[in-house]
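Participant: Quick one, fold the following:
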Amino acid sequence: MSYFDLQVNGYAGIDFNGDSLTSEQARSACEALLEDGTTGILATVITDSMEAMKEKLGRIVRVREEDDIVREVLVGIHIEGPFLNETEGFIGAHPRKCARPAKVDDMKELLEAAGGLTRIVTLAPERDEGCVTTRFLAEEGIVVSAGHCDPSLEELRAAIDAGLSMFTHLGNGCPPRIMRHDNIVERVLSLSEDLWICFIGDGVHVPPFALGNYLRAAGVERCLMVTDAISAARAGPGKYTLAGWELEIGNDMVARAPGGSHFVGSTVTMPGVVAVLEEMGFDENEISALCWERPRKAIGCW
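Facilitator: Numbers count the residues shown, from 1 in each chain. Here you go, the predicted model:
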């Protein structure tokens, strides 16, 4: 079985957000992905200063140009931030000081640095006044995904009208305590006919019983799995980085912020996601749809 992953921050000890990523490192990560059956990914760059994000995006473009294997596996880029909701809980592992309102000019700079490889941009609809950046991206053929956000139902509907078509890792990127009915999870589920809904399928970010509830409520045909993998994925316990985070990964292989206040990406591989789905009772065809067919369909990669 082959897999396609829309959200990979790093893999096999290699941090795609690192300040010194080389083509040799990128090749090593991509070879490990291929060994695990993941034949295509979007390398994900998370929030930082504009200059730092542009440097990281440019670095990914360069290492991809320098190696055939990297070019084969790393089919595009997912820019997650910096136009996110900066409030506690919603900002998650992204540095709050670097979050900023969406502006088309800033977005253009990031897209230019990414060299035409951008396939998804995750932003907070409530930080995109008038949905101007959302509309610009959609007109450019780039998938706009809401995430790390808390838009009202009206803001979410307006964003969908402007071209929003995805939601990034539903059930995460939000506080552990939220309103029991009027919350971002319920709002997204109510509009699932208009959105591709991504879930981190590691069995940790969303417990399997809750994941099953979400898939039924959204309609599994609108859902897909991602890993949100960081450099610790496939590499075992130890010390790792994600952008500015210095992480100590224990034997449970859960990536937590120092102090354990929130997750910082995932250490799961796609075979690990498959194991969770199999335990939940999904068959091979259903798993292929969640981990291969729909991720590709969602970004028009056939």
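Participant: where does the stretch 151-300 of the chain dip in pLDDT?
Facilitator: 240-241, 243-245, 247, 249-264 (pLDDT under 70).
Participant: For it, just list every one of the helices.
Facilitator: In the stretch 151-300 of the chain, the helices defined using DSSP state H, counting those that start in this stretch lie at 153-162, 184-190, 208-218, 270-279, 284-288, 294-298.
Participant: repeat for the stretch 1-150 of the chain
Facilitator: Using DSSP H, counting those that start in this stretch, helices in the stretch 1-150 of the chain cover 23-35, 50-65, 68-73, 104-113, 132-139.
Participant: Throw those helices into TSV and include distance to residue 288 and mean pLDDT, thanks.
Facilitator: Just so you know, the C-beta spots here come from the backbone N, C-alpha and C atoms, and that holds for glycine as well. Output for these, formatted as TSV (distance: least, Cβ to Cβ, whole Å; pLDDT from 0 to 100):
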stretch	distance to residue 288	mean pLDDT
helix 23-35	17	98
helix 50-65	26	98
helix 68-73	19	98
helix 104-113	32	98
helix 132-139	28	98
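Participant: Relative to residue 232, which of the ones you listed is closest?
Facilitator: Nearest of the helices of the stretch 1-150 of the chain to residue 232, taken as Cβ to Cβ: helix 23-35 at 12.0 Å.
Participant: re earlier: format the helices of the stretch 151-300 of the chain as JSON lines; extra columns: distance to residue 96 and mean neighbour count.
Facilitator: Shown next, in JSON lines, are the helices of the stretch 151-300 of the chain (distance: least, Cβ to Cβ, whole Å; neighbours: other Cβ atoms under 10 Å):
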{"stretch": "helix 153-162", "distance to residue 96": "21", "mean neighbour count": "18"}
{"stretch": "helix 184-190", "distance to residue 96": "18", "mean neighbour count": "19"}
{"stretch": "helix 208-218", "distance to residue 96": "27", "mean neighbour count": "16"}
{"stretch": "helix 270-279", "distance to residue 96": "29", "mean neighbour count": "19"}
{"stretch": "helix 284-288", "distance to residue 96": "36", "mean neighbour count": "15"}
{"stretch": "helix 294-298", "distance to residue 96": "29", "mean neighbour count": "20"}
